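Asker: got a structure for you, letters missing:
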Ligand SMILES: NC(=O)c1ccc[n+]([C@@H]2O[C@H](COP(=O)([O-])OP(=O)(O)OC[C@H]3O[C@@H](n4cnc5c(N)ncnc54)[C@H](O)[C@@H]3O)[C@@H](O)[C@H]2O)c1
């Protein structure tokens, strides 16, 4: 692929602010007619991107619609080719893709390779291997009544899929809906976050080059930039909308979608609980616990947001995770080795500080904090923090934190752990650790949420055969897995004759004008088909035959139109 990278990694940018440093919400950054982008770890200004007007969005969707008509005629081989071309580029340019993501979102290169590259490669690999099988017509049973028929479900592309995505994984959040949409024969228009438009703009060049390389229409995929109005226009003009973002905005999206009855999948926030029983393997758990909290600076929808630890291992667990967190280095990810990068959203450091303050005022204790590396960088950083003595009256146990804070609460019994874990308005993922698989599974089965990991954290996402999504305020609908792929399709039920020369003929008594005994005929037929015993079925059959045989007319007398 020929992808222009000339303006991506250098500091030179024609659109830069004069001093090349961005101050959020001030100066030209505050204008609503363009999207300013900057690196949250250095505050380096990265450029401006257009705020697409609603009319322009509708035009883009119309163009995508025309491209989709062409694309829908392609076979799976052609679609696989597109995915392979993309995969090849990703494999050969891992570092470039990660650097771009790190620069725009503040995450480290390691966080990027795990959350951007690994996840996307696994998704593409799943589609290459299993996508066609999932989208092939699926034959279903017919039951006795329709035994002469064959019944199947066909999966046809819906048309134009819209996706509104957040900034936390700028690459994967684009490629995740994109590869599934085009593989299932759809076009897609993706509105990237105003906090990750710079990287989105670059990633769209990769997509355009890949489309060209396989001879697919250029309008099949569009990446658009803007704010809420741009997003709203997309919701009301596509055939299905996948929204990935906060619960607050998810509600607004659903309101907009209601006006046009646009179907939506809502992948919203999370507050994932991690239950650690006393028989868990602590040497494994402590490292998973810290990674689950600090991956991408804690800016994960399915991040570990609440730890419930059995009281008998609580102190040991706290000691070990505190030791690790104290060794963590926080700094600009592209200026040397660090473990945790920057916080992407401009006001979020303040919110994280407020959440910790609120908890401490209500009795929580800070037992460890990571180290901010000495740097001249004016970036947005927050030191990873471990808190104990937390409880559900504290805001950080109720609200989505979206930051590197590890909260630990004790529990005594499994019932208590389940009750605490379920005491949340969210229901995305969960984890349960125990030496007994049965016990862990028993706890997990009682958790009211969309996903559960047994003795692990969130690795279910790397089994792309599994559906991803939540319940309660974490949203509804699923992406990934068979459920996610088929959700991008018109699910069409088809029924047809399967035995030559056998077709549905309306029985004589039911033909218009219906016979006097039409009801008795039908009633007997139903008893014959669904009778609970063979005797009941047989009686139904005999009555059915009787109702078909010509009526006795011996000695009949007509009175008031009735046969006597
Ligand atoms: N469940 C998941 O799969 C998943 C994955 C990643 C992130 N998230 C969630 O995303 C959130 C963080 O991302 P964010 O801060 O970018 O979320 P956000 O809800 O603020 O924004 C998401 C997107 O919605 C757009 N938008 C804003 N107002 C809109 C409107 N009225 N109509 C249409 N679009 C509108 C934004 O421009 C952005 O592109 C967290 O809550 C996180 O849990 C969820």
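Answerer: Happy to help now that I have it. Model, not experiment: these values are computed from the prediction. Residues are numbered from 1 along each chain as shown.
Asker: so residue 508 sits right up against residue 547, yeah?
Answerer: No: applying CB atoms under 8 Å as the test, residue 508 and residue 547 come out as separate, 10.2 Å apart. The C-beta positions use only the backbone N, C-alpha and C, and glycine is treated the same way.
Asker: Neighbour count for these two, which is higher?
Answerer: Applying other CB atoms under 10 Å to residue 508 and residue 547 shows that residue 547 carries more neighbours, namely 20 against 11.
Asker: Who are the contact partners of the more buried one?
Answerer: With contact set as CB atoms under 8 Å, 6 or more residues apart in numbering, residue 547 has these partners: 509, 517, 520, 521, 524.
Asker: rerun that using 10 Å as the cut-off
Answerer: Applying CB atoms under 10 Å, 6 or more residues apart in numbering to residue 547 gives the contacts 507, 509, 515, 517, 518, 519, 520, 521, 522, 523, 524, 525.
Asker: same question, residue 167
Answerer: By CB under 10 Å, 6+ apart, residue 167 lies in contact with 40, 101, 104-106, 173, 192-197, 199-200, 245, 299, 344-345.
Asker: which SS class is it?
Answerer: At residue 167, secondary structure determined by DSSP: H, G, I helix; E, B strand; the rest coil is coil.
Asker: Which pLDDT value goes with it?
Answerer: Residue 167 carries a pLDDT value of 97.
Asker: what bits of the chain have low per-residue confidence?
Answerer: Scanning the chain for pLDDT under 70 picks out 9-31, 550-564.
Asker: of all the contacts of residue 547, which comes closest to residue 230?
Answerer: Closest approach between the contacts of residue 547 and residue 230, by CB to CB: residue 522, at 56.8 Å.
Asker: before we move on, the earlier item: list residues touching both of residue 508 and residue 547?
Answerer: Listed contacts common to residue 508 and residue 547 are 515, 518, 521; contacts here mean CB under 10 Å, 6+ apart.
Asker: List the ones among those residues that fall in helices.
Answerer: The helices, defined by DSSP state H, take in 518, 521 from the shared contacts of residue 508 and residue 547.
Asker: what's the neighbour count on whatever residue of the chain ends up closest to the ligand?
Answerer: The nearest approach of the chain to the ligand comes at residue 231, 2.4 Å away (CB to the nearest ligand atom). Per other CB under 10 Å, the neighbour tally for residue 231 reads 26.
Asker: Now do the SS call for it.
Answerer: Residue 231 is classified as helix under three-state DSSP.
Asker: Contact partners for the closest residue to residue 35 other than its chain neighbours?
Answerer: Spatially, and ignoring its direct neighbours in sequence, residue 35 is nearest to residue 49 (4.4 Å; CB to CB, 6 or more residues apart in numbering). Contact analysis of residue 49 by CB under 10 Å, 6+ apart lists 15, 34-37, 192, 194, 197-198, 200-201, 223-226.
Asker: Show the buried residues in the residues you listed.
Answerer: 34-37, 192, 194, 197-198, 200-201, 223-226 (16 or more other CB atoms under 10 Å).
Asker: one step back: the residue nearest to residue 35 looks like it's in a strand, true?
Answerer: Yes: under three-state DSSP, residue 49 falls within a strand.
Asker: Residue 516 versus that one, what's the distance?
Answerer: 75 Å (CB to CB, to the nearest Å).
Asker: Quick check: end-to-end length of stretch 496-515?
Answerer: Start-to-end span of stretch 496-515 (CA to CA, to the nearest Å) is 28 Å.
Asker: Outside of it itself, list whatever touches it.
Answerer: 142, 146-152, 516-522, 525, 544, 547-548, 551.
Asker: Kindly recompute the last result at 7 Å.
Answerer: Residues outside stretch 496-515 that contact it (CB atoms under 7 Å, 6 or more residues apart in numbering) are 148, 149, 150, 517, 518, 521, 547.
Asker: In space, what's closest to the last one - neighbours in sequence excluded?
Answerer: In this structure, residue 547 finds its nearest non-sequential neighbour in residue 521, 4.4 Å apart by CB to CB, 6+ apart.
Asker: Tell me, how many residues neighbour the one you found?
Answerer: Using other CB under 10 Å, residue 521 is surrounded by 20 other residues.
Asker: tell me the contacts of it?
Answerer: 507, 509, 510, 544, 547.
Asker: again, only using 10 Å
Answerer: 507, 508, 509, 510, 514, 515, 543, 544, 546, 547, 548.
Asker: hmm, back to that, among the contacts of residue 49, which one lies nearest to residue 480?
Answerer: Closest to residue 480 out of those is residue 192 (19.7 Å), distances taken as CB to CB.
Asker: so which of the contacts of residue 49 are also by the ligand?
Answerer: Filtering the contacts of residue 49 for neighbours of the ligand using CB under 6 Å from any ligand atom leaves residue 194.
Asker: Can you lay out the contacts of residue 547 as TSV showing distance to residue 8?
Answerer: As requested, these are arranged in TSV below (distance: CB to CB, whole Å):
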residue	distance to residue 8
507	72
509	76
515	79
517	80
518	75
519	76
520	79
521	76
522	72
523	75
524	76
525	71
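Asker: Spatially nearest residue to residue 358, not counting backbone neighbours?
Answerer: Nearest to residue 358 is residue 395, by CB to CB, 6+ apart, at 4.9 Å.
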